[in-house]
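>>> Sequence and predicted structure below; questions after.
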Amino acid sequence: MTNSVSQQLTTNIKRALKANFIPAICLQCFALFIGFSYFYWPASQGVFQFFADLKAENGVPYAVISTALFGGVVPFMYLWIKGRIHFLPIQQLVFYTVIWGGLGWLVNEFYLLQSHLFGDGSDWQTIAQKTVFDQFVFSMMFTCPLLTLAHLWKDQKFSWSKTHPLLGQLVKVQLPTTVLTNWLIWIPAVCLIYTMPPNLQIPLFNLVLCFFVLILAILNTEPE
């Protein structure tokens with residue numbers, strides 16, 4: 001890695017960490033509130049049971065539709081209402097809906113794989129194994145590269161000819177930055193997600209995802 005790329009990567013990581021510090025703190029507080037509600041607030045059990053039953057009854061369609069809604073449609077609508085969608089709004093809505101719907105299916109299948117590999121226990125060893133596999137294999141090697149590339153393509157107005165020359169920059173600078181900030185924000189959150197019963201993991205993932213994306217939209221989105 002050349003000195004210029006190394007310097008750019010360092011600058012990019014510092015900027016990303018600064019921009020994501022408040023969202024990370026808010027996210028952890030929100031996730032902890034959900035966790036404490038589930039374990040220590042009996043009045044909340046009806047709400048949790050409703051979503052657990054909904055997930056149990058609908059399976060994969062629930063994962064796809066709810067993740068597309070919470071990760072894509074709701075944040076897009078916020079950005080659109082605030083006047084922060086500056087090009088191709090219909091295409092962007094389709095993009096966010098499809099990319100997060102697909103991720104909903106993928107995450108649901110990954111959680112099933114985790115249950116098969118490590119079981120559904122809530123002991124710290126099981127949670128640690130799932131978190132490590134989630135963040136240092138699944139996220140680092142697949143979802144972070146996929147989302148980083150997809151958003152780069154979207155930012156180039158869905159033009160592959162404009163995206164292709166930026167791939168070197170993506171691999172050397174953007175992707176390492178995304179992975180590091182993803183660890184900062186999501187490691188505590190997924191630890192909490194894996195304490196939940198299987199049918200509550202996708203619903204909690206959706207809530208945390210929506211909260212996180214909205215905070216980033218509020219704090220970090222600038223006009224094109």
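Ah, there it is. Worth saying up front: this structure is predicted, and the values here are computed from it rather than measured.

>>> Around Pro89, how many other residues sit close by?
12 (other CB atoms under 10 Å). All C-beta atoms are positioned from the backbone trio N, CA, C, and that covers glycine.

>>> For Leu214, see how far away it is.
Using CB to CB, to the nearest Å, Pro89 is found at 18 Å from Leu214.

>>> tell me how far the helix ranked longest in the chain is from the chain's mean position?
Ranked by residue count and defined by DSSP state H, the top helix of the chain is helix 3-40. Relative to its chain's centre, helix 3-40 lies at 12 Å (CA atoms, centre = their mean, to the nearest Å).

>>> after the least confident helix or strand in the chain by mean pLDDT, next one along is what?
One helix or strand of the chain scores below all others by mean pLDDT, DSSP states H and E: helix 3-40, with a mean of 73. Scanning forward in sequence from helix 3-40 by DSSP states H and E, the next helix or strand is helix 45-67.

>>> Output the below-cut-off pLDDT ranges for this structure.
1-5, 9, 12-13, 16-17, 19-20, 23, 215-224 (pLDDT under 70).

>>> and if we set it to 50?
220-224 (pLDDT under 50).

>>> where exactly do the helices run in it?
With DSSP H as the criterion, the chain has helices at 3-40, 45-67, 74-81, 89-118, 124-133, 144-155, 160-163, 167-169, 175-193, 198-220.

>>> tally of neighbours for Thr123?
Not quite, residue 123 is Asp, not Thr. Neighbour tally, Asp123, other CB under 10 Å: 10.

>>> And for Val60?
By the criterion of other CB under 10 Å, Val60 has 14 neighbours.
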